[in-house]
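Student: Fold the following, please.
(one chain, ligands or ions: 1)
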Amino acid sequence: MVRDQIIKRGISNPLVIRAMEKVPRHMFVSEGSIHRAYDDTPLPIGCDQTISQPYIVAYMTQALRLVGGEKVLEIGTGSGYQAAVLAEIAREVYTVERIEKLAKQAEKNLSSLGYKNVHVRVGDGTLGLEEFSPYDAIIVTAGGPKIPDPLIKQLKVGGSLVMPVGEYRYGQTLVRITKGVNNKINREELVDVLFVPLIGEQGWKR
Ligand code: SAM
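Tutor: Prediction:
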């Protein structure tokens, strides 16, 4: 998976490659999908949600420009796989999931692998997680109509936020914003992606 899907497609950050090599994706997929765990595709995880394609997980992780030791916020825990990849690089990972059943399963997956630096919360991630803010980096793994203001507020100066943004529920562009001095926001459009909708107060309606 890492050689053919990640490195051959241009992911070059050694921290990301090492993290992708380390995290066992088969521990995060549902039982019926275990035989496809290392396939080049998203997979269903129940509740109409998906674990993202491995390449996209690597791409988004690299786009955050982590160097190690950061405090990261993820919105959209899903299976917990992306959180585990982040936890291999960052110091602490806070991750918010709106569907309690998925959050519980993700917590189970993560604790069975011994991750102590991932903290799973249930809630509307479009509001962020103010309690532990500000964050060095924020990653949103569901697609919304715009970057929620609370997330921009909770990002540290110098930090990056990566999120799929699009005017339709299905089909987005991956956007990276970087917060500069005087809270000046630099916005870049990276690549077209297809994520499940971000549902919440600052996202799509249910
Ligand atoms: N990162 C996940 C993984 O590694 O398995 C995949 C995430 S899946 C593509 C998107 C997730 O975002 C779903 O689990 C969905 O329930 C969640 N989600 C959607 N809207 C949300 C919100 N407002 N707050 C938190 N989670 C949300």
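Student: Every contact and neighbour count from this point should use C-alpha atoms.
Tutor: Fine.
Student: where exactly do the helices run in this structure?
Tutor: Using DSSP state H, the helices of the chain run over 14-22, 54-63, 81-87, 100-112, 149-153.
Student: quick one, what contacts Val23?
Tutor: 81, 84-85 (Cα atoms under 8 Å, 6 or more residues apart in numbering).
Student: coming back round to it: of the helices of the chain, give the one that comes closest to Arg3.
Tutor: helix 14-22 (9.1 Å; Cα to Cα).
Student: how about the strands in the protein?
Tutor: Along the chain, counting by DSSP state E, strands occupy 43-46, 49-51, 71-75, 92-97, 118-122, 135-140, 155-165, 172-179, 185-193.
Student: What strands flank the first one, and is each parallel or antiparallel?
Tutor: Strands adjacent to strand 43-46 in the sheet, as given by DSSP bridges, are strand 49-51 (antiparallel).
Student: One more: the fifth one?
Tutor: Neighbouring strands of strand 118-122 in its sheet, by DSSP bridges, are strand 92-97 (parallel).
Student: where does the protein come near the ligand, residue by residue?
Tutor: 49-52, 75-82, 96-99, 123-126, 141-142, 195-200 (Cα under 6 Å from any ligand atom).
Student: can you list the helices of the chain in TSV and add mean neighbour count, distance to Trp204 and mean pLDDT?
Tutor: What follows is the helices of the chain, written out as TSV (neighbours: other Cα atoms under 10 Å; distance: least, Cα to Cα, whole Å; pLDDT from 0 to 100):
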stretch	mean neighbour count	distance to Trp204	mean pLDDT
helix 14-22	18	31	98
helix 54-63	22	22	98
helix 81-87	28	22	98
helix 100-112	17	19	98
helix 149-153	18	14	98
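Student: Many thanks, we can stop here.
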